[in-house]
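Trainee: here is my input, please return the structure:
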Amino acid sequence: MRLNIFKGSLLASVAIGCLFVFVTSCTNENPKKDATSAKSAVKALRKLEAATQVGVDYKQYGLLLIDAQAEVNEALTALPESKLREEIRAAMDSFVDANKAWTEKLNNRRLSLEQEPGKTLIKKYNFKTGTSPNGLVVFDDEKTVEPIWAVAITHVQKVADFLGQ
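Mentor: Reported below is the predicted structural model:
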């Protein structure tokens, strides 16, 4: 009888322990950490925004992009699925897309519907296209980076609005 009581209490303890682990792992209810992570991500995204406003060279932009991506990754890990999380991700994605467009421009390549990254960027940012002398459908504008930055900055502002900044 004594053994059965011990088994029963051991089983109950294990069940309660498992339930505690399950509940705490399924809830991401640490608003302080969420807010801190989101604010750090916004700060890094705002640095990218400021750099685009005052003028930044390709190398500096790449370094800022790496720092921002690290902060955004941390925020995305800490935040539950939400509109705030979506906007942080969208802002970062747009800043990365601008870097892709800039890379193409520096390599004297035009964004084309026939190859990446143009195939994705032209559709995603609704760029108007024309036909190049060799028959490719291309984005026919000298400015490829600035319109993408404008989209990124719109997302950054939405994030800041969510956080009351």
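
Trainee: and the residue nearest to Ala91 when sequence neighbours are not counted, what element?
Mentor: Of all residues not flanking Ala91 in the chain, His155 sits nearest, at 3.6 Å (C-beta to C-beta, 6 or more residues apart in numbering). Every C-beta, even on glycine, is put in place using the N, C-alpha and C of the backbone. Assigned by DSSP states H and E, His155 belongs to helix 145-162.

Trainee: what comes up buried for that helix?
Mentor: Neighbour counts over helix 145-162 (16 or more other C-beta atoms under 10 Å) mark 145, 147-149, 151-153, 155-160, 162 as buried.

Trainee: wait, Asp97 touches Pro117, no?
Mentor: Yes: using C-beta atoms under 8 Å, Asp97 is in contact with Pro117, at 7.5 Å.

Trainee: quick one, which of those two is more surrounded?
Mentor: Asp97 (21 against 18; other C-beta atoms under 10 Å).

Trainee: so the helix or strand hosting the more buried one versus helix 145-162, what angle?
Mentor: Under the criterion of DSSP H and E, Asp97 resides in helix 83-106. Orientation check (axes from the mean of the first three to the mean of the last three C-alpha atoms, to 10 degrees): helix 83-106 against helix 145-162 gives 160 degrees.

Trainee: so what touches helix 83-106?
Mentor: 38, 41-42, 45, 48, 58, 61-62, 65, 68-69, 72, 75-76, 79, 110-111, 117-118, 121, 124-125, 144-145, 148-149, 151-153, 155-156, 158-159, 162-163 (C-beta atoms under 8 Å, 6 or more residues apart in numbering).
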